[in-house]
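Undergrad: Based on what follows, work out the 3D shape:
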Amino acid sequence: MSVTRNVGILIFDDVEVMDFCGPFEVFSVADRTCSNNPFNVFTIGEKSGPILARNKLSVNPKYTINNCPEIDILIVPGGKGSRKIMNNNMILDWIKDIYCNLELLLTVCTGSLIIAKCNLLDNMRATTHHMSLELLKDIAPKTKIVEERYVDNGKIILSGGISAGIDMSLYVVGKLLGKEAILRITDVMEYGWK
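TA: This is a model prediction of the structure:
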């Protein structure tokens, strides 16, 4: 019997577009190309209404943090807006509240700063955009900060800057569905994954 996992992607003003669209595409293509519809992918905002992503791309979240379905995999992207969100207690409390019920928590780029502020990275390895490694060290002093494409801590998987979210998402799909799924996705996306 197969299970469809709910993949929720947090979005907010000034979120980096590829940070959330890259993983959105990977999990959506996986859902279309793999049997039994393994993923239900959706966006989540703090409130309803348009989000102005980086470079003023207007995006409407499908759900809010107050009405979204139960999430199996939460993706927290980054971008300039992460600096504001990492100090937003409503978002931080929401992440902490749902964390224990998540199968996986994934971050892209400076999304790591947000979950560091939730105190979820202590005694783990973490990465982020190369230009924010020092800031992550300051926020998460009990975390080993590394400059890698992505880092797997088990339940928490973090990726470096922007396009690394695509590679991390492919890696996660491979962990959950096997290497054949990655090959199908990368063929459809015409993406050169290593």
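Undergrad: which residues touch the nearest residue to A140 once chain neighbours are set aside?
TA: Leaving aside its sequence neighbours, A140 sits nearest to A116 (CB to CB, 6 or more residues apart in numbering; 4.0 Å). In short, each C-beta sits where N, CA and C put it, glycine included. A116 is in contact with M86, A126, L136, I139, A140, T143, counting by CB atoms under 8 Å, 6 or more residues apart in numbering.
Undergrad: three-state assignment of the residue nearest the centre of the chain?
TA: Nearest residue to the geometric centre of the chain (CA atoms, centre = their mean): I75, 2.4 Å. Of the three states, I75 takes strand under DSSP: H, G, I helix; E, B strand; the rest coil.
Undergrad: what's the spacing between it and I44?
TA: Relative to I44, I75 is positioned 10 Å away (CB to CB, to the nearest Å).
Undergrad: so what sits against both of those two?
TA: Shared contacts of I75 and I44, defined by CB under 8 Å, 6+ apart, comprise G8, I9, L10.
Undergrad: hang on, the earlier thing: tell me the one of the contacts of A116 nearest P23?
TA: For the contacts of A116, the residue nearest P23 by CB to CB is A126; the value is 17.5 Å.
Undergrad: Show me the beta-bridge partners of that closest one.
TA: Listed beta-bridge partners, A126: I145 (assigned using DSSP bridges).
Undergrad: low pLDDT regions in the protein?
TA: 1-2, 194 (pLDDT under 70).
Undergrad: And the strands in it?
TA: Under the criterion DSSP state E, strands of the chain are mapped to 5-10, 39-45, 51-52, 58-59, 63-64, 73-76, 104-108, 125-126, 144-145, 150-152, 156-159.
Undergrad: Sort out which residues of stretch 78-97 are buried, please.
TA: Across stretch 78-97, burial judged by 16 or more other CB atoms under 10 Å covers G78, G79, G81, S82, I85, M86, I91, L92, W94, I95.
Undergrad: got the contact list for that stretch?
TA: Taking CB under 8 Å, 6+ apart as the rule, stretch 78-97 contacts 10, 12-17, 19, 46, 53-54, 65, 74, 76, 105, 107-118, 120, 128-129, 132, 139.
Undergrad: Check stretch 62-72 too.
TA: With contact meaning CB under 8 Å, 6+ apart, stretch 62-72 is reached by 5-8, 42-48, 90-91, 94, 98, 101-104.
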